[in-house]
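Participant: I'll drop the sequence and a predicted model, then ask my questions.
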Amino acid sequence: MSLGDLLAIMRRRWYCMVPLMLLSVLAGGYLFRTVPVSYESQSSVTLLDSSAIADLAPTFGNPLSNAGGSLVVTADVLIRTLQSSDSAKELRSRGVTDRYTVGFAPDADSPLLTLSVTGTDRAKVLRETTTLTKFTGEQLKALQAASKVPAVYAVQTAPVVLPQTPVSQPKSRYQNIAAVVIVGMVGAFLLSILAEGVAVVRRRGRAQPGYVPRRHRASPPERPKGLLARRLDATTILTGYLALAFFVPSNLTLPALGGVGTPANVFALLGLLWYLATWLGGRILPARGTRLVRVVMCLLAAAVLLSYLADATRESSHEEVLGADRGLIGLGVWVALVVLASAGIQERSRLETLMRRLVVMGTVVALIGYYDFFAATNIADSIHIPGLQSSTAGISAMDRGSFTRPRSTTAHPLEFGGMLAILVPFAVHQAFDPVRRHVRAWRRWAPVAIMAGALPLTVSRTSIIGALIVILVMIPRWKPQRRWAAIGLVLGSVAVFKVIIPGLIGTITNLFASFLSNSDSSTQARTVKYSAIVPYFNEHPWFGRGFGTFTPDLYFFTDNQYMLTLAEMGILGLVALFALFITGMHTGGAIRRLARTDSDRELGQAFLASALVALVISATFDALSFPMYAGMFFLVLGAGGSYLGFVRREAEAAREVPALRMPSEETKLPQLVESR
């Protein structure tokens, strides 16, 4: 269905579009007149160390006093205390019922805190800000008293900016009005498409015998040319998503949506609307044999929605509510990718085109990573797009040993390495694919060399583990000649890296050696956090605290997707997560079993390797928190379901053809006469 077709449907169903659009505009005007303007007041306090530290800096081991050292840690502890539910209850008892926020002052290297209160009553907001400022000092004293810090070494709070006169905040008001208008317009659009679909079904039912639809006539009219008349399909939409996901840095987002508001994610949601419109209009049906991946997505959606309800039943902070809302948006993006890839692609050639584009774009991202590594910089830091802002402040080049860890256009080197690890199997398959033998060898093998070579540049155990899994899953299934050649190539590549980049292989080896000897600080920091997750899991073991609510700003980094899932979605969420990985591996295995050609069998092995990589490396970082990695994982999951549908239909056709050729019992076969 083209854009011109959509506009034609909206013109024909104007009686659905116009009333709802008018209603949404009227609702927006009503909100503008009735919703009061919000006012915000701010104050700032700083932490001052005791003058006694000039005489002596004792080391009695209390991080809250931190005598003679930086007070940033003390300020961080105080912020987390003020954001806790106990502090919220105490503030409500003192009359602070409006939303308040506490955090470090922007671009401040010192322990300078900014306190703000937002409400609709200007005088009340000012009083609440004064109360919050006073309560901050009281909480700091209580923390130090509980830790038995000597009074002479106690840290004090000093107001830097007194509670300011509240100023109006019309932005949130206009955002709510815009949301109502947008929801009304989207509802009108979907209702018009639904009405068109019902009309199409009725026309088909009333058709007389012998009726031939216009699109099936011998000489259909020539389609008009132009942008609006150009036919759209799922491959085209997913290609647009890939371009935005790969080449717009994943930390650049729309200001109101946070980390999930990347342009690629917004485009994916629009693609889901296109699919629903095309499906309801009777122009497309879900591809047969591809239901499994969508059923698993329903399980994940159920886990996310139940965790959202669990968050609504507890006393969560405003930041946690926003995180849960962003989690629903992220779920919608993942559903869009799986549905478009599995149900929307109707031709195998279009799916193969999408996978080739995926590998090519991933290769370009890997090349950018090479530049970051050798130039010791992050090229993404120099990319600024009007209307977008960075969702992660303070990103800079990360070093390990004497090497700069590249992140290309991703948000973190771990995301960069993990994303490449799940794409390498498909680059290898396309290099061996007989269909592409006419392509020059360097064009087929360049993506493999570039993406696989970028993995060790991240100086990360996650990348190396992913590469090893790909090798262990794919190489044993090859013929002996190819297998030994591949093993020799891998060993030769290690030697080349050792010569070209001295110290890199040694640094990576030391990472694994320290991990095995349990002397690695980063590994120990992660394992300590596992026990810290247990209290949060015990509070809500089945449905969790709410998907997207366990953010590092409020709690801490988990560096483990399974631990994060237990905290946010409980046992049901963990089961759904494992179901995703198992489905991906099952899809690859089923493609390999049903395939009739060596190329398809190797493709199934590639899907199996990619899913197994995702299963293992999810234990090394919070994978689904990174938009580019999560998008590639769900896109590959949907593509695997689509390929399985094609292979199943081809296998069924192959079984039916011999049956059609078999003679019936009543048919007399010619008898052979023995020649004499």
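Facilitator: Yes, it's here.
Participant: what does stretch 482-494 contact?
Facilitator: With contacts defined as C-beta atoms under 8 Å, 6 or more residues apart in numbering, stretch 482-494 is touched by 452-453, 471, 475-476, 478, 505. Heads up, the C-betas are built off the backbone N, CA and C, glycines and all.
Participant: from these, which two are the most distant?
Facilitator: Farthest pair in those (C-beta to C-beta) is Trp478 and Ile505. Separation: 25.3 Å.
Participant: what's the first helix or strand after the longest strand belonging to the chain?
Facilitator: For the chain, the strand with the greatest residue count under DSSP state E is strand 38-48. Sequence order places helix 72-82 as the next helix or strand after strand 38-48, per DSSP states H and E.
Participant: for that next one, name the packing helices and strands.
Facilitator: In terms of contacts (3 or more C-beta pairs under 8 Å, 6 or more residues apart in numbering; DSSP states H and E), helix 72-82 is packed against strand 38-48, strand 99-104, strand 112-119, helix 122-146.
Participant: just the buried residues of that helix, please?
Facilitator: Buried positions in helix 72-82, judged by neighbour count with 16 or more other C-beta atoms under 10 Å: 72, 74-75, 77-79, 81-82.
Participant: what's the closest of the residues you listed to Thr130?
Facilitator: Leu82 (15.0 Å).
Participant: touching, the closest one and Val96? I think so.
Facilitator: No. If you go by C-beta atoms under 8 Å, Leu82 and Val96 don't touch, sitting 10.9 Å apart.
Participant: what touches both of the two?
Facilitator: Shared contacts of Leu82 and Val96, defined by C-beta under 8 Å, 6+ apart, comprise Phe135.
Participant: what's the distance between stretch 529-540 and the middle of its chain?
Facilitator: Relative to the centre of its chain, stretch 529-540 is centred 24 Å away, using C-alpha atoms, centre = their mean, to the nearest Å.
Participant: in it, what's buried?
Facilitator: Under the neighbour-count criterion of 16+ other C-beta under 10 Å, stretch 529-540 has 529, 533, 536-537, 540 buried.
Participant: and what of stretch 553-562?
Facilitator: Buried-residue list, stretch 553-562, by 16+ other C-beta under 10 Å: 554-555, 558-562.
Participant: any idea how far the strand or helix carrying Gly332 is from the chain center?
Facilitator: If you go by DSSP H and E, Gly332 is part of helix 318-339. Distance of helix 318-339 from its chain centroid, counting by C-alpha atoms, centre = their mean, is 9 Å.
Participant: packing partners of the helix or strand following it?
Facilitator: Remark: after helix 318-339, the chain's next helix or strand is helix 348-375, criterion DSSP H and E. Contacts defined by 3+ C-beta pairs under 8 Å, 6+ apart place helix 348-375 against helix 234-247, strand 403-405, helix 413-432, helix 441-457, helix 627-661.
Participant: so which of the ones you listed comes closest to Thr114?
Facilitator: Closest among those, using C-beta to C-beta: helix 627-661, at 27.9 Å.
Participant: now the angle between helix 234-247 and the closest one, please.
Facilitator: Orientation check (axes from the mean of the first three to the mean of the last three C-alpha atoms, to 10 degrees): helix 627-661 against helix 234-247 gives 150 degrees.
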